[in-house]
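**Student:** what's the 3D shape of this:
(chains A and B, ligands or ions: 3)
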Amino acid sequence: MPPRPGDRPRLPRPQGKLSTAVLSALSSPSTPTPLSPFPHSPLPSLRTPGPDPLLAPTGAEIQQADPYGADLQLALYVLYELHYQGFDGVDDDREWDPALLAVRRALEEVFLRALRADVPSVGAAEALDGLLVEPVADDGTSVSHHLLRAGRLWQLREYAALRSLYHLKEADPHAWVIPRLRGRAKAGMVAVEFDEFGAGRAEDIHAQLFADLMADLGLETAYGHYLDLAPAEALATVTLMSLFGLHRSLRGALVGHFATVEVTSSPAARRLADAMRRTGAGPAAERFYDEHVEADAVHEQVVRREVVDGLLTDEPGLEPDVAFGIAATVHLEDRLAAHLLDAWRHDRTALRTPLAVTGER
Amino acid sequence: MLVEGPVEVVCDDGSVAVSDRFVVALCTCRRSHCYPWCDTSHRRRARPTPAPEEDAP
Ligand code: FES
Ligand SMILES: [Fe+2]
Ligand SMILES: [Fe+2]
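**Tutor:** Ligands and ions are numbered 1, 2, ... in the order given. Below is the predicted model:
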């Protein structure tokens, strides 16, 4: 059934050749999915009606794309979004369009290859231990330290707008791993997810708490609203979760990623809650981060003891994957932090275009 | 220290803190800013590796 207009996010604006091809395929009516095996071409073609039948990217074009660039990241982001809430005017069934899946596969290979080449290989236990040590002071590379110490309200608004890509679907990408786990890992994962999803209370779903924060900051709370404004570095932190969540073969990496998020969250949330208080952002803005100080102090222990340890006891061969998930998450978060701090130190917007001003406080 | 929730904790001053989380982390180091709950203030701290930056302390 086609979605009701206005129900779903609108398709974003393309950022280059790859995202143009994906977006124009999605905005054209779906062609009936062939049931026969693929033709011999390396990628089933993204057929688009109209004058330019060659819009589909070739395998070579995808291979040459910047793995962290806005074009590839947006193309991947949009394809993943078909598995979450979809888009206005795009048939729900396109989620399983083989031509789109083939393009997604090629994009993922480029992204994964770059990540594997760029992240250090450290053991999972050692990597987690490293994350459990707090710096005594701001080392100049931490966004939460910056926002606590010197963050202006417009920077907090930009931060919330770009983090909304994840927080408005908080914990969703991680739910995909549940059927791939067993025993302690599964029970621990579900327990933490239960908390993320409001422990039975819709008003306490963490994504809802974040929407409330956004309202305090005078931001649009609609799902996907800020996709056009997000820089490539922000897109990559979210495509990573979808990549890990959607592939059973990457379940170890998903668990490593989730552990990284939970272990690093609590101290950062304390600084962000204090930054919200200092700037007078509002009670819901404070509450989102206050809740994460307390919740993630619990979640990180459950994730390390039950989920990571449970998974590695069950499947010891996944240790390098868990370690990869940790390192890839840190790598992409570091890239995002460098981008944000560089922009803000120069008093520039960190978004693709600045937010509408609603009165600086 | 993890205990199964929900819990009610009676603090030294007689006040009662309530949490209905599935598991609750109680602070045993006394450093938490949201005592009696743990807020990870117990973590080991280390000097950051100096960053090439003027506003680093
Ligand atoms: S035990 Fe005191 S803050 Fe964690
Ligand atoms: Fe959360
Ligand atoms: Fe959490």
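
**Student:** name the nearest residue to residue A:234, sequence neighbours excluded.
**Tutor:** Across the structure, with C-beta to C-beta, 6 or more residues apart in numbering or on different chains as the measure, the residue nearest residue A:234 apart from its sequence neighbours is residue A:162 (4.3 Å). Just so you know, the C-beta spots here come from the backbone N, C-alpha and C atoms, and that holds for glycine as well.

**Student:** give me the contact list for the strand or helix carrying that neighbour.
**Tutor:** Residue A:162 is part of helix A:153-167 when elements are defined by DSSP states H and E. Contacts with helix A:153-167, where a contact means C-beta atoms under 8 Å, 6 or more residues apart in numbering or on different chains, come from A:143, A:147, A:151, A:206-207, A:210, A:213-214, A:217-219, A:224-227, A:229-231, A:234-235, A:237-238, A:241, A:275-276, A:279-281, A:285, A:340, A:344, A:349-351, A:354-355, A:357, A:360-361.

**Student:** residue boundaries of the helices in chain B?
**Tutor:** For chain B, no helices turn up when DSSP state H is the criterion.

**Student:** any part of the lowest-mean-pLDDT helix or strand in it near chain A?
**Tutor:** Among the secondary structure pieces of chain B, namely its helices and strands, strand B:45-46 has the lowest mean (mean pLDDT, DSSP states H and E), a mean of 88. Yes. Shown here: strand B:45-46 in contact with chain A (C-beta under 8 Å from any C-beta of the partner chain) through B:45-46.

**Student:** what about the contacts of helix A:153-167, which are in strands?
**Tutor:** Counted as lying in strands by DSSP state E, out of the contacts of helix A:153-167, is not a single one.

**Student:** which of those count as buried?
**Tutor:** Applying 16 or more other C-beta atoms under 10 Å in any protein chain shown to the contacts of helix A:153-167, the neighbour count classes A:143, A:147, A:151, A:206-207, A:210, A:213-214, A:217-219, A:224-227, A:229-231, A:234-235, A:237-238, A:241, A:275-276, A:279, A:281, A:285, A:340, A:344, A:349-351, A:355 as buried.

**Student:** low-confidence bits of the chain, can you list those?
**Tutor:** If you meant another chain, say so; for now it's chain A. Within chain A, the ranges that satisfy pLDDT under 70 run A:1-6, A:30-55, A:358-361.

**Student:** hmm, no, I was thinking of chain B.
**Tutor:** With pLDDT under 70 as the threshold, chain B has low-confidence stretches at B:48-57.

**Student:** which bits of chain A sit near chain B?
**Tutor:** Counting by C-beta under 8 Å from any C-beta, the positions of chain A adjacent to chain B are A:132-141, A:191, A:194-195, A:199, A:266-267, A:270, A:290, A:293-298, A:300-302.

**Student:** can you do 7 Å?
**Tutor:** Residues of chain A found near chain B (C-beta under 7 Å from any C-beta of the partner chain) are A:132-141, A:191, A:194-195, A:199, A:266-267, A:270, A:293-294, A:297-298, A:301-302.

**Student:** whichever of the residues you listed end up buried, select them in ChimeraX.
**Tutor:** In ChimeraX, this line selects whichever of the residues of chain A next to chain B come out buried by 16+ other C-beta under 10 Å:
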select /A:134,138,139,140,141,191,195,266,267,270,293,294,297,298,301,302
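
**Student:** just the ones in strands from the residues of chain A next to chain B, please.
**Tutor:** A:134-135.

**Student:** among the contacts of helix A:153-167, which lie within helices?
**Tutor:** Where the contacts of helix A:153-167 overlap with helices, as defined by DSSP H, the overlap consists of A:143, A:147, A:206-207, A:210, A:213-214, A:234-235, A:237-238, A:241, A:275-276, A:285, A:340, A:344.

**Student:** among those residues, which ones lie close to ligand 2?
**Tutor:** Among the ones in helices among the contacts of helix A:153-167, the residues lying close to ligand 2 (C-beta under 5 Å from the ion) are residue A:206.

**Student:** if we can go back for a sec, contacts made by the least confident helix or strand of chain B with the rest, please.
**Tutor:** Where contact means C-beta atoms under 7 Å, 6 or more residues apart in numbering or on different chains, the residues beyond strand B:45-46 that reach it are A:133-136.

**Student:** how about stretch B:29-44?
**Tutor:** Residues from elsewhere that reach stretch B:29-44, judged by C-beta under 7 Å, 6+ apart: A:132-134, A:266-267, A:270, A:293-294, A:297, B:9, B:11, B:17, B:19, B:24-27.

**Student:** for chain B, which segments count as strands?
**Tutor:** Using DSSP E, the strands found in chain B span residues B:2-4, B:7-10, B:16-19, B:23-25, B:45-46.

**Student:** quick one: which of those is nearest residue A:175?
**Tutor:** Taking C-beta to C-beta as the criterion, strand B:23-25 is the member of those that comes nearest to residue A:175, at 19.0 Å.

**Student:** hmm, that closest one touching ligand 3?
**Tutor:** No. Using C-beta under 5 Å from the ion, strand B:23-25 never reaches ligand 3; the gap is at least 12.1 Å.

**Student:** does that strand reach chain A?
**Tutor:** Yes. Under the criterion of C-beta under 7 Å from any C-beta, chain A is reached by strand B:23-25 at B:23-25.

**Student:** for ligand 2, what's the nearest residue on chain B?
**Tutor:** Residue of chain B nearest ligand 2, by C-beta to the ion: residue B:21 (12.1 Å).

**Student:** near residue A:161, how many other residues are there?
**Tutor:** For residue A:161, the tally of surrounding residues (other C-beta atoms under 10 Å in any protein chain shown) stands at 21.

**Student:** how near is it to ligand 1?
**Tutor:** Note on residue A:161: its distance to ligand 1, by C-beta to the nearest ligand atom, to the nearest Å, is 31 Å.

**Student:** related to what we said a few turns ago, can you pick the most crowded of the residues of strand B:23-25 next to chain A?
**Tutor:** When these are compared by neighbour count (other C-beta under 10 Å), residue B:25 ends up highest, at 28 neighbours.

**Student:** what is the neighbour count of the spatially closest residue to that residue that is not a sequence neighbour?
**Tutor:** Across the structure, with C-beta to C-beta, 6+ apart as the measure, the residue nearest residue B:25 apart from its sequence neighbours is residue B:38 (3.8 Å). Using other C-beta under 10 Å, residue B:38 has 25 neighbouring residues.

**Student:** for residue B:38, grab phi and psi.
**Tutor:** Note on residue B:38: its backbone torsions stand at phi -70, psi 140 [degrees, to the nearest 10].
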